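1. kindly generate the corresponding structure for this input.
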Amino acid sequence: MTSTTSVRRTALLAATLAALAVSCVTTPEPDRTVELPRPSATATATAASKGPDALPDDSTPATAATSSDPYAPGSGEAVRDAFATLQATLNDSCATDCAYFLGRVHKELQELDAAMKADPKGPGHFPEPIARIAELNRTLAGDSSFENLKKHQKELIGTRDFINTWMQDHPDDYR
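-> As a prediction, this is how the structure comes out:
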């Protein structure tokens, strides 16, 4: 009986070591895959109709470009959720990936603006944040390119920080 227990123990130990050895030599899967935006059928058709070297221009419908834009605002988000994602940018900066950071702050501000305007309390409940985002949007003049966001980085981050402070003074709106 002692030899049976010893054999079982040895087999169990060997199986455990084999499992650990396999897990240590396998290549882990990436946390997420990044998909690049693809041109829409309309944009592709427009470019194709102008020739093989043509690029989409202003004649391409705006919805074609915005539907695949990773920084395009989402819809139907509650103010609480939109504010939480904006707050998640507070400890970020341009230090690592400035284009991503500025694009994300812009996207989060646009989503918060949409959420505030769609809130059951009405847009009049959030006059200062909506006005600041409108002022930022006028400054950006519809151009959310990295170059323009970088040019107006001070206004972009200032708007985010102003709204963060305003919302902190109105906790019933996001809790």
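
2. tell me the buried residues in stretch 117-130?
-> Burial within stretch 117-130, assessed by neighbour count using 16 or more other CB atoms under 10 Å, is assigned to Asp119, Phe126, Pro129, Ile130. (Glycine included, C-beta is placed from N, CA and C.)

3. what segments of the chain are strands?
-> In chain order, the chain shows no strands, with DSSP state E as the criterion.

4. okay, now the unreliable bits of it?
-> Residues of the chain that meet the criterion pLDDT under 70 lie in 1-4, 11-76, 173-175.

5. now the helices for it?
-> Along the chain, the stretches classed as helices by DSSP state H are 2-25, 41-49, 62-66, 79-87, 94-118, 127-140, 146-151, 153-168.

6. C-alpha coordinates for stretch 109-116, CSV please?
-> Provided in CSV are the C-alpha atoms of stretch 109-116 (Å, rounded to 0.1, in the frame of the first residue of the first chain):
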residue,chain,number,x,y,z
LEU,A,109,-16.0,65.7,-23.6
GLN,A,110,-18.2,65.2,-26.6
GLU,A,111,-19.9,62.2,-25.1
LEU,A,112,-20.4,64.1,-21.8
ASP,A,113,-21.9,67.0,-23.8
ALA,A,114,-24.3,64.6,-25.5
ALA,A,115,-25.2,62.9,-22.3
MET,A,116,-25.9,66.2,-20.5
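
7. list the contacts of that stretch.
-> Here stretch 109-116 makes contact (CB atoms under 8 Å, 6 or more residues apart in numbering) with 73-75, 77-79, 81-83, 85-86, 123, 125-126, 129-130, 133-134, 136, 156, 159-160, 163.

8. switch the cut-off to 7 Å
-> The set of residues that contact stretch 109-116 without belonging to it, under CB atoms under 7 Å, 6 or more residues apart in numbering, is 73-75, 77-79, 82-83, 86, 123, 126, 129-130, 133, 136, 159-160, 163.

9. Pro129 reaches Trp166, doesn't it?
-> Yes: contact criterion CB atoms under 7 Å: Pro129 and Trp166 qualify, at 5.6 Å.

10. and for Val79, the neighbour number?
-> For Val79, the neighbour count with other CB atoms under 10 Å is 24.

11. many thanks, have a good one.
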